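Chemist: My questions are about this predicted structure, shown below with the sequence.
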Amino acid sequence: MGDYKNEYTGSHLLAIGINNYADPNFFPLGDAEKDAKALAEVLGGEPYGFSVTMLLGRAATKSAILTALSGLRSTKPDDRVIFYFAGHGYRLTDEFEHEVGYLGCSDTNPLDPYEGLEFEEVIKIRRWVKAKHIAFILDACFSGKSLGLTRAAVPQATAEEYMQRRSWQVLTAGGDEVVSDAQSMTGVLVQALSKGIPDESGPLTLSHVGQYVRDTVAARQKRLQIPVCQYLEGSSNGDMVLFIPPEVRAIDLLPRRLSRALTNEDAEIRYLAIAEAERLLADSSLADIVQKVLDDLLVNDDDREVRRRAKEALHVTVLSPAPPRVEAVPKHEPSPVPSASKQQTGLLLDASDILAILPRPFEWCEIPAGQVALEGSAGTFEVQPLWMAMYPITYAQFQVFVDAEDGFRNPRWWEELAADADHKKNPGNQYQKVDIHPRETVSWWDAIAFCQWLNARLGLPPIPADLTTQTLAGYLGIRLPAEWEWQWAAQGPDGREYPYGNTFDPNKSNTGELGIGKTTPVGTFSEGASPYGVLDMSGNVWEWCLNEYNPASLTRLTGGSARVVRGGAWYYGQYDARCSSRDRYNPDGRLDFSGFRVCVS
């Protein structure tokens, strides 16, 4: 097969980044040193485990780089080596009209051909370094074409086969063009190494990563910049294997949140999670996997009640198989929901059912019937009994929806919504990426799609597109509250100004007066609870409501009219934090001070 072992005995990264140069012919770069540090941090950590040598800024002289390259000669035959450079690249034409490619060292004079570091000087280390796999990653201008030594990628093989064959690989930011410093190739590379490549499974190789980087950068730069990922002459059909995932267990093939719940140390959580697994037995694509997981729980779980519940689930008879899937992601058919009393509905939507899908915290607060007069001339509305979530939906909870195979990008949750294709494909970028902070940078459409997905997971009907104030109380699924429901839950029957009373207290909510300048974990201000125990209804994030701003009586899902937000936010003052304060944003608005909570009638 080859001359090498199917493993690595050592991993070495030489990372170089230069922002500022001594010679004024080089303009300053913004992110080269940051990119070198980011790549070193990723590859130096788990699961990659590279030993890292870095040369940054003025320390990256030609002499220092050549010395570091020379040090790689001590590597062993079954090692892997990556040389990374972020900085200026340039070309000179010699007396024979041949173009010569150079990397700009911190002390380089680009007009003197002897002061620059020729590409060839770098790649010739393959002649002296014993490591079987050497990769040259060059995030610099003109770094592809000047090599002149590339060839096509190797055919598909197993990770073991790749590691038994020699490879000298090159990944460059472009071929013969100026490349972007503001949107660097390295940023895409680091993302691929940190989060993985969508729709890729199995071993992660440099060829796979390079192809992803090339396609992603080319699309972002409208093909004005196309990275190059190829091989140097003399390679022997190898490929640097960056990571081999551990053997996949059946439980790892289930939705991530469910697999975590079924393996939780708390037996009660495992017990409750079996209900969700039981529903998936009707999905032909997951039934075999679920059965293996339940079989394992039945035999090996150390809690008797969990074993009993697993046995019960395995003996459920599925009367009819799930219909064939026509989508690329699982489509869970909702279970029929009977016409039921509110007590029965409460049982169907117990907080523990939701916690089998979403992480803590989640609790319901019971809200009695009442009547609300909206501010201005927006109208007076009757409030029917309902349950309101104690907290806004958190970042971690919404991320389950984003990450789920049947989640954010499933067209099913976006039916009847007027969002454009890009909005449906790409969620907003959370400002405070902390699990128990409220989800922000989320649109009204995003919030509705989340509710539709959660309803399907719970076996409940979707929110009707033509929902009205008359049919609102009869709908039994999870939804956004109408603003009159929100206001009643916040102020109760005494019509108070703030959830906690009539006098503003800056220490009972996260508003501009407190000066924190960002969101805080949900439930932080427990003394700011409403009369019904609902938290975070004053400040932190504006909360999307179901209805349109004008007229307030419209609760339909269709159209692009502005939707009501309530409660104020960390950026806003006490006036907006009042229970009765109304504001509005267009349904596509993704702002770092807007979030949402859910309710059920």
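Modeler: Received, thanks. Residues are numbered from 1 along each chain as shown.
Chemist: What segments of the stretch 451-600 of the chain are strands?
Modeler: Here the stretch 451-600 of the chain has its strands, by DSSP state E, counting those that start in this stretch, at 478-479, 542-548, 563-566, 582-585, 594-595, 599-600.
Chemist: Convert the second one to CSV, retaining C-alpha atoms only.
Modeler: Output for strand 542-548, consisting of C-alpha atoms alone and laid out as CSV, is shown next (Å, rounded to 0.1, in the frame of the first residue of the first chain):
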residue,chain,number,x,y,z
TRP,A,542,-37.7,43.8,23.2
GLU,A,543,-40.0,40.8,22.8
TRP,A,544,-41.9,40.1,19.6
CYS,A,545,-45.6,39.7,19.8
LEU,A,546,-47.9,37.9,17.5
ASN,A,547,-50.0,40.8,16.2
GLU,A,548,-49.5,43.7,13.8
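Chemist: Name the helix or strand for Thr67, please.
Modeler: Remark: Thr67 resides in helix 62-71, with elements defined by DSSP states H and E.
Chemist: thinking again about what came up before, for the strands of the stretch 451-600 of the chain, give me TSV that also has mean neighbour count.
Modeler: To be clear about C-beta, it is placed using only N, CA and C from the backbone, and glycine gets the same treatment. Converted to TSV, the strands of the stretch 451-600 of the chain look like this (neighbours: other CB atoms under 10 Å):
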stretch	mean neighbour count
strand 478-479	26
strand 542-548	26
strand 563-566	26
strand 582-585	18
strand 594-595	27
strand 599-600	23
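Chemist: now the ones you listed as JSON lines including distance to Ala465?
Modeler: Output for those, formatted as JSON lines (distance: least, CB to CB, whole Å):
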{"stretch": "strand 478-479", "distance to Ala465": "12"}
{"stretch": "strand 542-548", "distance to Ala465": "12"}
{"stretch": "strand 563-566", "distance to Ala465": "15"}
{"stretch": "strand 582-585", "distance to Ala465": "21"}
{"stretch": "strand 594-595", "distance to Ala465": "23"}
{"stretch": "strand 599-600", "distance to Ala465": "18"}
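Chemist: And the ones you listed: which comes nearest Phe119?
Modeler: Smallest distance to Phe119 across the strands of the stretch 451-600 of the chain (CB to CB): 49.5 Å, for strand 594-595.
Chemist: returning to what we had before: which residues are contacting the helix holding Thr67?
Modeler: The contact list for helix 62-71 (CB atoms under 8 Å, 6 or more residues apart in numbering) reads 14, 16, 53, 55, 83, 105, 107-108, 115-117, 121-122, 125.
Chemist: Can you say which of those residues are buried?
Modeler: Neighbour-count burial (16 or more other CB atoms under 10 Å) is assigned, among the contacts of helix 62-71, to 14, 16, 55, 83, 105, 108, 116-117, 122, 125.
Chemist: contacting residues around Gly379?
Modeler: Gly379 is in contact with 373, 551-553, counting by CB under 8 Å, 6+ apart.
Chemist: got a markdown table for the residues you listed, with distance to Lys132, pLDDT and neighbour count too?
Modeler: Shown next, in a markdown table, are these (distance: CB to CB, whole Å; pLDDT from 0 to 100; neighbours: other CB atoms under 10 Å):
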| residue | distance to Lys132 | pLDDT | neighbour count |
| --- | --- | --- | --- |
| Ala373 | 77 | 95 | 13 |
| Pro551 | 71 | 94 | 10 |
| Ala552 | 69 | 95 | 21 |
| Ser553 | 71 | 95 | 15 |
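Chemist: mind checking which helix or strand Cys141 is in?
Modeler: Using DSSP H and E, Cys141 falls within no helix or strand.
Chemist: And the residue lying closest to it once chain neighbours are set aside, how far from Arg220?
Modeler: Of all residues not flanking Cys141 in the chain, Gly89 sits nearest, at 4.5 Å (CB to CB, 6 or more residues apart in numbering). Counting by CB to CB, to the nearest Å, the gap from Gly89 to Arg220 is 20 Å.
Chemist: Please apply the same query to Leu386.
Modeler: For Leu386, the distance to Arg220 - CB to CB - is 45 Å.
Chemist: Looking only at neighbour counts, state which of the two leads.
Modeler: Between Leu386 and Arg220, Leu386 has the larger neighbour count (other CB atoms under 10 Å), namely 24 against 14.
Chemist: Compute the number of surrounding residues for the nearest residue to Gly187 once chain neighbours are set aside.
Modeler: Once flanking residues are discounted, Gly187 sits nearest to Asp35: 7.0 Å by CB to CB, 6+ apart. Asp35: 25 surrounding residues under other CB under 10 Å.
Chemist: now do Ile436
Modeler: Close neighbours of Ile436, defined as other CB under 10 Å, add up to 17.
Chemist: For it, which residues are in contact?
Modeler: Counting by CB under 8 Å, 6+ apart, Ile436 touches 361, 394-396, 521-523.
Chemist: Nearest to Glu46 among those?
Modeler: Nearest to Glu46 among the contacts of Ile436 is Ala396, at 21.7 Å by CB to CB.
Chemist: Could you measure from that closest one over to Phe362?
Modeler: 11 Å.
Chemist: number of nearby residues for Glu375?
Modeler: Neighbourhood size, Glu375 [other CB under 10 Å]: 12.
Chemist: Now do the contacts for the nearest residue to it once chain neighbours are set aside.
Modeler: Using CB to CB, 6+ apart and skipping residues adjacent in sequence, the residue nearest Glu375 is Ser580, 4.7 Å away. Taking CB under 8 Å, 6+ apart, we find Ser580 in contact with 374-375, 487, 491, 497.
Chemist: Buried among those? Make that a ChimeraX selection.
Modeler: To isolate the buried members of these in ChimeraX, using 16+ other CB under 10 Å:
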select :374,487,491,497
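Chemist: Just the ones in helices from the contacts of Ser580, please.
Modeler: Under the assignment DSSP state H, the contacts of Ser580 contribute 487, 491 to helices.
Chemist: Of the contacts of Ser580, which one scores lowest on pLDDT?
Modeler: Lowest pLDDT of the contacts of Ser580: Glu375, 92.
Chemist: For Trp486, see how far away that one is.
Modeler: 13 Å.
Chemist: Spell out which residues are contacts of both of the two.
Modeler: Common neighbours of Glu375 and Trp486 (CB under 8 Å, 6+ apart) do not exist.
Chemist: rewinding a little: possible to save the buried ones among the contacts of helix 62-71 as CSV with secondary structure and distance to Thr380?
Modeler: As requested, the buried ones among the contacts of helix 62-71 are arranged in CSV below (DSSP: H, G, I helix; E, B strand; the rest coil; distance: CB to CB, whole Å):
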residue, secondary structure, distance to Thr380
Leu14, strand, 71
Ile16, strand, 69
Leu55, strand, 71
Phe83, strand, 71
Cys105, coil, 74
Thr108, coil, 75
Gly116, coil, 77
Leu117, strand, 76
Val122, helix, 75
Ile125, helix, 79
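Chemist: Val299 is in what secondary structure piece?
Modeler: Using DSSP H and E, Val299 falls within helix 287-300.
Chemist: now the helix or strand encompassing Lys37: mean pLDDT?
Modeler: Assessed by DSSP H and E, Lys37 sits inside helix 32-44. Across helix 32-44, pLDDT averages out at 95.
Chemist: So what touches that helix?
Modeler: 11, 13, 15-19, 48, 50-52, 54, 56-57, 82, 84, 86-87, 137, 139, 181, 184, 186-187, 189-190, 193-194.
Chemist: All the helices of the stretch 251-400 of the chain, in order from the start?
Modeler: 256-262, 267-280, 287-300, 304-314, 342-348, 351-355, 395-403 (DSSP state H, counting those that start in this stretch).
Chemist: Kindly check the end-to-end length of stretch 241-250 for me.
Modeler: 25 Å (CA to CA, to the nearest Å).
Chemist: ok, and for it, which residues are buried?
Modeler: By neighbour count with 16+ other CB under 10 Å, stretch 241-250 contains the buried residues 241-243, 250.
Chemist: Just the CA atoms of stretch 218-238, as PDB, please.
Modeler: What follows is stretch 218-238, C-alpha atoms only, in PDB (Å, rounded to 0.1, in the frame of the first residue of the first chain):
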ATOM      1  CA  ALA A 218     -15.300  32.200  -4.500                       C
ATOM      2  CA  ALA A 219     -19.000  32.500  -3.800                       C
ATOM      3  CA  ARG A 220     -18.500  35.300  -1.200                       C
ATOM      4  CA  GLN A 221     -16.100  37.200  -3.500                       C
ATOM      5  CA  LYS A 222     -18.300  36.700  -6.600                       C
ATOM      6  CA  ARG A 223     -15.500  34.600  -8.100                       C
ATOM      7  CA  LEU A 224     -13.100  37.600  -8.100                       C
ATOM      8  CA  GLN A 225     -11.000  35.600  -5.700                       C
ATOM      9  CA  ILE A 226     -10.700  31.800  -6.100                       C
ATOM     10  CA  PRO A 227      -8.400  29.900  -3.700                       C
ATOM     11  CA  VAL A 228      -6.200  27.100  -5.100                       C
ATOM     12  CA  CYS A 229      -6.000  23.700  -3.400                       C
ATOM     13  CA  GLN A 230      -3.700  21.200  -5.200                       C
ATOM     14  CA  TYR A 231      -0.600  19.100  -5.000                       C
ATOM     15  CA  LEU A 232       3.100  19.600  -5.700                       C
ATOM     16  CA  GLU A 233       4.800  17.300  -8.100                       C
ATOM     17  CA  GLY A 234       6.200  14.300  -6.400                       C
ATOM     18  CA  SER A 235       3.200  13.600  -4.100                       C
ATOM     19  CA  SER A 236       2.100   9.900  -4.000                       C
ATOM     20  CA  ASN A 237      -1.700  10.100  -3.700                       C
ATOM     21  CA  GLY A 238      -1.700  10.800   0.000                       C
END
